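Enquirer: with the input below, show me the fold.
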Amino acid sequence: MELIIRNITNQPIYDQIYSQIKAQIIAGQLRPGEALPSIRALAKDLKISVITTKRAYDELEADGLIDTVAGKGCFVAERNLDLIREQQLRELESHLSAAVELAKRCDLSHEQLHEMLRILSEEEST
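Expert: Numbering: from 1, shown residues only. Now for the predicted structure:
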């Protein structure tokens, strides 16, 4: 498992860890049942606080992405694709809500916003 922590972003370190591990689980790079580095080992490798690493692991566990076994460590949870999809849909809705609010502030019509989304979708598919 490889993680890259950037101090130049506004994203908290625990959230960077959370996001990167989550992305690796969703992409299948980390497989169900696979052991994650211990909280202490990861903190040492990244040169960060154990508390920061623990918070990231706690959030991953709360979202059902990892399981913690007392005395054994943390492991990638069995994939619940419906749960992962639901989380991604909530994230998408949040981004779209922000886009709608920004479009309102820019005095953009619904049609203009839809056209912008259509163009961006077409660009991504090519």
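Enquirer: center of the protein - which residue?
Expert: In the chain, the residue lying closest to the centroid (CA atoms, centre = their mean) is S19, at 3.1 Å.
Enquirer: any idea how far the closest residue to that residue other than its chain neighbours lies from A56?
Expert: Of all residues not flanking S19 in the chain, Q11 sits nearest, at 7.6 Å (CB to CB, 6 or more residues apart in numbering). The way it works is simple: take the backbone N, C-alpha and C, and place the C-beta from them, glycine included. Noted for Q11: a distance of 12 Å to A56, by CB to CB, to the nearest Å.
Enquirer: more neighbours, these two?
Expert: Neighbours were counted for Q11 and for A56 using other CB atoms under 10 Å; A56 has more, 26 against 12.
Enquirer: SS state for that one?
Expert: Assigned with DSSP: H, G, I helix; E, B strand; the rest coil, A56 falls in the helix class.
Enquirer: you'd agree it is up against Y18?
Expert: Yes - under the criterion of CB atoms under 8 Å, A56 lies in contact with Y18, with a separation of 4.5 Å.
Enquirer: for the chain, which segments count as strands?
Expert: Per DSSP state E, the chain carries strands over the ranges 66-69, 73-76.
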